[in-house]
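1. Let's see this in three dimensions:
(chains A and B)
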Amino acid sequence: MIDVAVRILLYGAVIGGIWALVASGFSLIFGVARILNFAHGIFFILAAYIGIVLIQSGINSYLSTFAGIVIVGGFAVGIYLGLLSKIKDHEVMVIIVTLAIALLVEQILILIFGEHGLSYPDFISGVVRIGMTPITYDRIVAFVVAIVVLTLLEVFIHKTNTGKMILASSQNYEGALLVGIDVDRIFVITMFLSAVLAGVGGVLYGQVFAVSPAVSLKALIFAFAIVILGGLGSIKGSIVAAFIIGYITTIANQFLGAQWSEFTALLIIIAILVIKPTGLFGVEE
Amino acid sequence: MRTEIRGIDLKKLVIGVIFLIFSLTAPFFLPSAYVYLLGMMFLFLIFVISWDVIIGYTGQVNLGHTVFIGLGAYTAALLQVPSRFQGSIDFLASMPKAPIPISILAGGIVAGLFGLAIGVITLRLKGYYFALVTAILPLVFMKSLYVFSDIFGGEEGFSIGLERSLAESTTLRYYYAFAIFLISFIALYIIVNSRIGLRFRAVRDDEDLAESIGVNVVKYKVLSFVVSSFFAGIGGAAIVHYRITIGPDLYDIPLMLLIILAAVIGGLGTLYGPLFGGIVVYLLKNWWLQSLLPVIPSWLPINDDVILYAILIAVGVLAPEGVWEKIKEFLRERSGSKSSRRS
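-> Next up, the predicted model:
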């Protein structure tokens, strides 16, 4: 019994950490630029795919990972500048265009890599035993990296100048313009940051599980579920909600079987919308 | 300059009559495989125009339209094959097979009621929540179908049997499909051009203003969603009786994208636009692209879906108000510059 409890505690924390990265990025770009980015799941898997390809071509694994994540950040900025910035005020089109980008990239990935899963090479391999429960190092790495990155994000937003500008733009767009913040530049930075957060999540996910083109949709749906639970636009809410969702899916997975884990999470989301529609930390819009 | 007779645009009337004549005579000069395809196209058009009601006229981004199509489709299919309930919900298994018109109507009603439930929950909230929830719905729907695959047939779906199709001959089935489409189109046309439709547009253009002049915003959003879902269900149920099988292609994401593409190309909120967009997109996907594909070298990661998605992105960015509007604008500018040169 203890065995099961320990496993749920640890596994839930790992998956919660990964979803927190994805959802905070999603929440960030929505909060700042009011872009509901349906292509967010693409950044998640694309970083992992680029990293895997680079590692397989013989480049140092840390360097490859770094490159993969930065390339995805650049890709996101490209999408923003080339496409989204032109239709930013047309919210229906933003949703439709980002959804189309997501499916386009997913389809191309299917054609290149196939539909099966690819595992991201481990940084450190091995298993440690906590009590009776075997835990692989990559899970521990995933959890630690997730926490470190989320802490860095928190520090960046509240302590640095650029971070404060991001926060200001998300709180009041006109106000930010008035005090002389270059809001367009802030949007670009936020887009980059948002994609990098998703990319880190994708690499960690690929280490613990495996990435396949279909995972992009899964990541996106989880990001949705988490921001609905946490409240749209609230990063703190997203992080708390990510761990709640992480634990719910792990528990459902443990007791009901794998096919029920997502299903349960999704049903709970709908229940929350009925009871408290603005989410845990949501702000009225 | 518009030529109007009693408020009806003459140009639209002429196009409509040509469309009608072509549709009615198509089985006489087209081979039956194409007649079958055109029949499918008409049912697809119901999906597109019903989606336009909620997104184009009322401004609410419903990304789960295929769920309502799927609900209608499964309602109809299970009413025809009640034996699939054997072993789970036994008392339903002994139901007699429903007559086809009732089966189609039931598909619409189930989808409409589900739309009512979802709408009441999510449309109270402003803006983005509706888009997010409706985006999640297809996943919940698909998961439930796979979890209860004894009833729903999971990924393979099931067949309702040839004797439960709309009609035995392809030609007659085509006419039934066209009739269902025409009734749906006329019904939707009347709704969006009535006082109710006016309120839908008021909600879309400015919610706060609509609220302040006494329009019950939530009520009209929900109403619009129910209407849209009802016709999606009708279309879904009809398509099951048209092609006698049910499977994931009736509710998965590529279909949603096809609907979006059709409506966006045609121009949201015009009903005619999505209608013609739907014709172009359906034939593009199922006919023209199939003959184009062999030309593309096989090492390029391109298939028909990639091309359609790329078109959607291009149209969304370059002509968000629809391709047709863009063409008209272009023509107007050209004739405008000509006349200014003359003076």
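
2. What segments of the stretch 201-343 of chain B are helices?
-> Assigned by DSSP state H, counting those that start in this stretch, the helices in the stretch 201-343 of chain B fall at B:207-212, B:217-243, B:253-266, B:272-283, B:289-292, B:304-318, B:323-342.

3. ugh, wrong one, I meant chain A
-> Ranges of helices within chain A are A:2-33, A:40-56, A:61-82, A:91-113, A:137-159, A:161-171, A:173-178, A:183-208, A:215-230, A:235-256, A:258-275, based on DSSP state H.

4. Dump those to TSV, plus mean pLDDT and mean neighbour count.
-> Placement of C-beta: from N, CA and C, glycine included. Shown next, in TSV, are those (pLDDT from 0 to 100; neighbours: other CB atoms under 10 Å in any protein chain shown):
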stretch	mean pLDDT	mean neighbour count
helix A:2-33	90	23
helix A:40-56	95	25
helix A:61-82	95	19
helix A:91-113	92	22
helix A:137-159	91	17
helix A:161-171	89	17
helix A:173-178	87	13
helix A:183-208	94	25
helix A:215-230	87	25
helix A:235-256	89	21
helix A:258-275	77	17
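
5. mind putting these in a markdown table, distance to chain B included?
-> What follows is the helices of chain A, written out as a markdown table (distance: least, CB to the nearest CB, whole Å):
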| stretch | distance to chain B |
| --- | --- |
| helix A:2-33 | 8 |
| helix A:40-56 | 11 |
| helix A:61-82 | 8 |
| helix A:91-113 | 4 |
| helix A:137-159 | 22 |
| helix A:161-171 | 14 |
| helix A:173-178 | 15 |
| helix A:183-208 | 16 |
| helix A:215-230 | 5 |
| helix A:235-256 | 10 |
| helix A:258-275 | 5 |
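
6. Compare those and give me the one nearest B:G107.
-> Closest of those to B:G107 is helix A:258-275, at 22.7 Å (criterion: CB to CB).

7. Kindly export the closest one (C-alpha atoms) in PDB.
-> Output in PDB follows, covering the C-alpha atoms of helix A:258-275 (Å, rounded to 0.1, in the frame of the first residue of the first chain):
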ATOM      1  CA  ALA A 258      -4.400   3.700 -18.600                       C
ATOM      2  CA  GLN A 259      -7.300   4.400 -20.900                       C
ATOM      3  CA  TRP A 260      -9.300   6.000 -18.000                       C
ATOM      4  CA  SER A 261      -6.600   8.400 -16.900                       C
ATOM      5  CA  GLU A 262      -7.200  11.200 -19.500                       C
ATOM      6  CA  PHE A 263     -10.900  10.500 -19.500                       C
ATOM      7  CA  THR A 264     -11.200  11.100 -15.800                       C
ATOM      8  CA  ALA A 265      -9.200  14.300 -16.000                       C
ATOM      9  CA  LEU A 266     -11.400  15.600 -18.800                       C
ATOM     10  CA  LEU A 267     -14.600  14.800 -16.900                       C
ATOM     11  CA  ILE A 268     -13.300  16.600 -13.900                       C
ATOM     12  CA  ILE A 269     -12.600  19.700 -16.000                       C
ATOM     13  CA  ILE A 270     -16.200  19.700 -17.200                       C
ATOM     14  CA  ALA A 271     -17.400  19.300 -13.600                       C
ATOM     15  CA  ILE A 272     -15.300  22.300 -12.500                       C
ATOM     16  CA  LEU A 273     -16.700  24.400 -15.300                       C
ATOM     17  CA  VAL A 274     -20.200  23.700 -14.000                       C
ATOM     18  CA  ILE A 275     -19.300  24.500 -10.300                       C
END
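
8. now that helix, how far from the chain's geometric center?
-> 19 Å (CA atoms, centre = their mean, to the nearest Å).

9. tell me the angle that helix makes with helix A:2-33.
-> Angle, helix A:258-275 to helix A:2-33, by axes from the mean of the first three to the mean of the last three CA atoms, to 10 degrees: 50 degrees.
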